[in-house]
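K.L.:
fold the following.
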Amino acid sequence: MLEKFFKLSENHTTVRTEVIGGITTFMTMAYILAVNPSLLSASGMDATAVLIATCLASFVGTLAMALLANYPFALAPGMGLNAYFAFTVCGAMGYSWQVALMAVFVEGIIFILLSLTNVREAIFNAIPSTLKKGVSAGIGLFIAFIGLQGAKITVANNSTLVSYVDFAGEWHTKGICAVLALIGLFITAILYIKGVKGSILIGIIATWVLGMVAQAAGIYVVDVENGFYSLYPTLALTDFSAIGLTFGQCFKADFSNVSVFNFVVILLSFLFVDIFDTLGTLIGVSSKAGMLDKDDKLPRIKPALLADAIATTAGAVFGTSTTTTFVESSAGVGEGARTGLASVVTGFLFLLAIFFAPIFTAIPGFATAPALIFVGFLMVSSILKVDFEDAAEAVPAYLCMIAMPMVYSISEGIAIGVISYVIINLVCGKAKKITPLMYVLAVLFVCKYIFL
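P.N.:
Below you'll find the predicted structure:
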C-alpha cells in the first residue's frame, strides 16, 4: 500500500529511508515547540495553548503536504513571522493577538485562492534557473548560520556583529555546547562520508547523549535563567484543556480600534513574507533533492502550495502565527527522504508531541546544530552549477546567496536576487531573457521596501 500511494520505487527510496528522513526532519524542527510558545506568549497568549496549536498546525500542514503533493516537506509556524506577530503587531502596533490571528487567517484564505489558480506556480516558474541555484545555496548558508547560533559557536558581538563564543569564559554553558556541537558535526560528517545510513540522525542523537553525559559529570551546568535547561527528558503530560484559550479566537477579534489601512498593511506583511519564504524553501530543498524537472520546474507544485495555504489557515484557527514550509526539511532530504511518507512520519511525531512535549523540547539546540550545519554544506554545493563566466547570471545568484544569512531572511534574499537580476540584465542589454513576471516581481519588491 505504501509503495502504491507514495511511489517509493519510482522515487528511488525505501520505507526505512523515509522513516529515518521523517524523524530527522522532526528532530531538527522540534525547537519550534519551545520557541513558538515562548514568543507568542509575549503577546498575551497562553503558552500551553500555543504549544498545542503549534503541534496541531504542524500535523495538519505536514500531513496535507504528504497526501496532496507527496513531498518530504514539513510545516510549522515560521520563525520571523511569529516574532513579527508578537513584537510588532501586538507589541509596537498595540493590537490584540485575536486581531493578529485574524490577519493570519485572512492571509491563509488568500493563499488558498492563489494556490487554486496559477499565480504562485507562475511566480515559482518565472524565477530563472540560475537564481534558483542561488536560492538553494543561500538557504544552505542560512540554515548553517542558524546551526552555528544554536550550537553557541557563533554569538553576538558589538564590534563585529558576530564572533566565536568565549570558550573559556563561559565553559560550563556556551563553551561546552559549542564543543559538543563540533564533536557532533565531525561524527555526522565522518558517518556520511563512510556511507552510513541515518548519519545525520545518528549525529543528533549522539550529540544529545554526550550532552547528558556532560551534565551528569558537571561539565554542563543548568542555568534556566540564561536559557540552559536540563538535557534530560522528563515524562509529563500536557494540559489539553488549554487549547480552548486560543481555538477559534480569531473570529472573536475586536476591530473597533483597528483601521482598515493598518489591517491591510499587517495582512500584506504576513502575505508577502510567507509567499517568498515558502517559494524559497521549495526551490532550495527540491533543487538539492533533484526534484526539479528539466525546465527547473517543480512537478505537483500546486498541491504543495495548497498544503502550505491550508496549514496557515488551520494554524490561525488553532491559535498560532503563520504556518509555513520549513527549511529544516532539508535535513530529512539529506538523509535520502524523497516522498510524502517522510512527511507522514514527521506529522505524526508532531501529533505525538502534544502528549509528550517535554520529551521533545528537551532536545537541545547544540544537538540539532550539527545536522543544520552539515545539510548547509550539502545545499551550498548548488552554487557550483551557476555559470560564473556569465556575470549577468552569476552576480544576482551570488547576491541572493549571501543576502539570506546576512539579513537572516529567505524572502529578503529572493527580493535582492530578483531586483538585481532585472536591473543588471536590463542595463546590460539582455532584456530579452527577462520575463514580464520578473519585472512585476521586481517592482513589487521595491514597493515593499518603500511602503511596508
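
K.L.:
in contact with the spatially most central residue of the chain, which residues?
P.N.:
For the chain, residue 326 is the residue whose C-alpha lies nearest the centre (CA atoms, centre = their mean; 2.8 Å). Residue 326 makes contact with 25, 29, 32, 73-76, 78, 281, according to CB atoms under 8 Å, 6 or more residues apart in numbering. Where C-beta positions appear, they are placed from N, C-alpha and C, glycine not excepted.

K.L.:
ok, these vs residue 224, which is closest?
P.N.:
Of all those, residue 32 has the smallest distance to residue 224: 19.7 Å, by CB to CB.

K.L.:
the residue nearest to the closest one when sequence neighbours are not counted pairs with what?
P.N.:
Excluding the flanking residues, the one nearest residue 32 by CB to CB, 6 or more residues apart in numbering is residue 76, at 4.8 Å. Counting by DSSP bridges, residue 76 is bridged to residue 324.

K.L.:
could you check how far residue 76 is from residue 372?
P.N.:
Remark: distance between residue 76 and residue 372 (CB to CB, to the nearest Å) = 15 Å.

K.L.:
what do you get for residue 242?
P.N.:
30 Å.

K.L.:
so residue 292 is in which element?
P.N.:
Using DSSP states H and E, residue 292 falls within no helix or strand.

K.L.:
can you check the pLDDT for it?
P.N.:
Here the pLDDT value assigned to residue 292 is 84.

K.L.:
now do the strands in the stretch 51-200 of the chain.
P.N.:
75-77, 154-157, 161-164 (DSSP state E, counting those that start in this stretch).

K.L.:
any idea how many residues pack against residue 77?
P.N.:
By other CB atoms under 10 Å, 31 other residues sit near residue 77.

K.L.:
from residue 46, how far out is it?
P.N.:
Residue 77 sits at a distance of 15 Å from residue 46 (criterion: CB to CB).

K.L.:
looking at the protein, which helix or strand is least sure?
P.N.:
Every helix and strand in the chain was compared by mean pLDDT, DSSP states H and E; the lowest is helix 357-360, with a mean of 74.

K.L.:
kindly format the C-alpha coordinates of whichever helix or strand comes after that one as PDB.
P.N.:
Once the chain leaves helix 357-360, the next helix or strand it forms, by DSSP H and E, is helix 365-380. Provided in PDB are the C-alpha atoms of helix 365-380 (Å, rounded to 0.1, in the frame of the first residue of the first chain):
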ATOM      1  CA  GLY A 365      19.900  23.400  20.000                       C
ATOM      2  CA  PHE A 366      23.500  22.200  20.100                       C
ATOM      3  CA  ALA A 367      22.400  18.600  19.300                       C
ATOM      4  CA  THR A 368      20.400  19.600  16.100                       C
ATOM      5  CA  ALA A 369      23.100  22.200  15.100                       C
ATOM      6  CA  PRO A 370      25.400  19.600  13.500                       C
ATOM      7  CA  ALA A 371      22.600  18.500  11.300                       C
ATOM      8  CA  LEU A 372      21.800  22.000  10.100                       C
ATOM      9  CA  ILE A 373      25.500  22.900   9.500                       C
ATOM     10  CA  PHE A 374      26.100  19.700   7.600                       C
ATOM     11  CA  VAL A 375      23.000  20.000   5.500                       C
ATOM     12  CA  GLY A 376      24.000  23.600   4.800                       C
ATOM     13  CA  PHE A 377      27.200  22.100   3.200                       C
ATOM     14  CA  LEU A 378      25.100  19.700   1.100                       C
ATOM     15  CA  MET A 379      22.900  22.600  -0.200                       C
ATOM     16  CA  VAL A 380      25.500  25.200  -0.800                       C
END
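
K.L.:
and the nearest residue to residue 54 once chain neighbours are set aside, how many neighbours?
P.N.:
Closest residue to residue 54 apart from its sequence neighbours, by CB to CB, 6+ apart: residue 36 at 4.8 Å. Neighbourhood size, residue 36 [other CB under 10 Å]: 27.

K.L.:
isn't residue 145 right up against residue 153?
P.N.:
No - with contacts counted by CB atoms under 8 Å, residue 145 stays clear of residue 153, the gap being 10.3 Å.

K.L.:
ok, the residue nearest to residue 32 to residue 57 distance?
P.N.:
Relative to residue 57, and taking CB to CB, residue 76 is found at 7 Å.

K.L.:
now list whatever residues contact both of these two.
P.N.:
Common neighbours of residue 76 and residue 57 (CB under 8 Å, 6+ apart) are residue 323.

K.L.:
and the buried ones among the contacts of residue 326, selectable in ChimeraX?
P.N.:
Here is the ChimeraX command that picks out the buried ones among the contacts of residue 326, judged by 16 or more other CB atoms under 10 Å:
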select :25,29,32,73,74,75,76,78,281
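
K.L.:
biggest helix in the protein by residues?
P.N.:
The longest helix of the chain (DSSP state H) is helix 260-288.

K.L.:
and the following helix or strand past that helix, average pLDDT?
P.N.:
With elements assigned by DSSP H and E, the helix or strand that comes after helix 260-288 is helix 301-318. Taken as a whole, helix 301-318 has an average pLDDT of 95.

K.L.:
next: stretch 139-150.
P.N.:
88.

K.L.:
that stretch: how far from the chain's middle?
P.N.:
With CA atoms, centre = their mean, to the nearest Å as the basis, stretch 139-150 stands 11 Å off its chain's centre.

K.L.:
likewise stretch 104-116?
P.N.:
With CA atoms, centre = their mean as the basis, the mean position of stretch 104-116 lies at 19 Å from the chain mean.
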